[in-house]
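J.: Build me a model:
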Amino acid sequence: MTTHDSTDYLDWNKATSAIFPNLKPTMKTISLRLPEPMLNRLKVLANERDVPYQSLLKMFLKERIDRELQ
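T.: Modelled structure (predicted):
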């Protein structure tokens with residue numbers, strides 16, 4: 001069995017982080033309990049925007065998280 005050491009080919013001291021902006025993020029399924037009136041209002045808003053209510057909820061969460069992290 002032959003083994004190879006990458007340092008024979010690469011200088012890891014000159015390595016930089018790579019950014020892959022077009023990769024789809026990993027999705028994690030969660031269970032979330034919402035009051036029924038809140039869910040109904042979310043569905044109305046999503047219907048007005050012609051998007052699925054779960055997508056709208058993710059958009060709302062992202063906007064709020066981004067604002068909190070500023």
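
J.: And the residue nearest the centre of the protein?
T.: residue 25 (4.9 Å; Cα atoms, centre = their mean).

J.: Can you list the residue ranges for helices in this structure?
T.: 36-49, 53-69 (DSSP state H).

J.: From residue 18, how far out is the residue nearest to the centre of the chain?
T.: 16 Å (Cβ to Cβ, to the nearest Å). For every residue, glycine as well, the C-beta is placed using N, CA and C.

J.: next one: residue 3
T.: For residue 3, the distance to residue 18 - Cβ to Cβ - is 25 Å.

J.: got it, and residue 5?
T.: From residue 5 to residue 18 the distance is 21 Å (Cβ to Cβ).

J.: can you check residue 7 too?
T.: From residue 7 to residue 18 the distance is 19 Å (Cβ to Cβ).

J.: These two: which is more packed in?
T.: The residue with more neighbours, out of residue 7 and residue 18, is residue 7; 9 against 5, by other Cβ atoms under 10 Å.

J.: Please report how far that one lies from residue 15.
T.: Taking Cβ to Cβ, one finds residue 7 at 11 Å from residue 15.

J.: go on, residue 40?
T.: In terms of Cβ to Cβ, residue 40 sits 52 Å off from residue 15.

J.: Among the two, which residue is more densely surrounded?
T.: With neighbours defined as other Cβ under 10 Å, residue 40 and residue 15 compare such that residue 40 has more, 12 against 8.

J.: what about the chain, any weak spots by pLDDT?
T.: 1-2 (pLDDT under 70).

J.: and residue 6, how many residues sit next to it?
T.: 8.

J.: Hmm, residue 12 and it touching each other?
T.: Yes - counting by Cβ atoms under 8 Å, residue 6 does reach residue 12; the two are 7.4 Å apart.

J.: Once you drop chain neighbours, what's closest to residue 59?
T.: Excluding its sequence neighbours, the residue lying closest to residue 59 (Cβ to Cβ, 6 or more residues apart in numbering) is residue 51, at 7.9 Å.

J.: follow-up on the earlier one: nearest to residue 30, out of the helices of the chain?
T.: helix 53-69 (10.9 Å; Cβ to Cβ).
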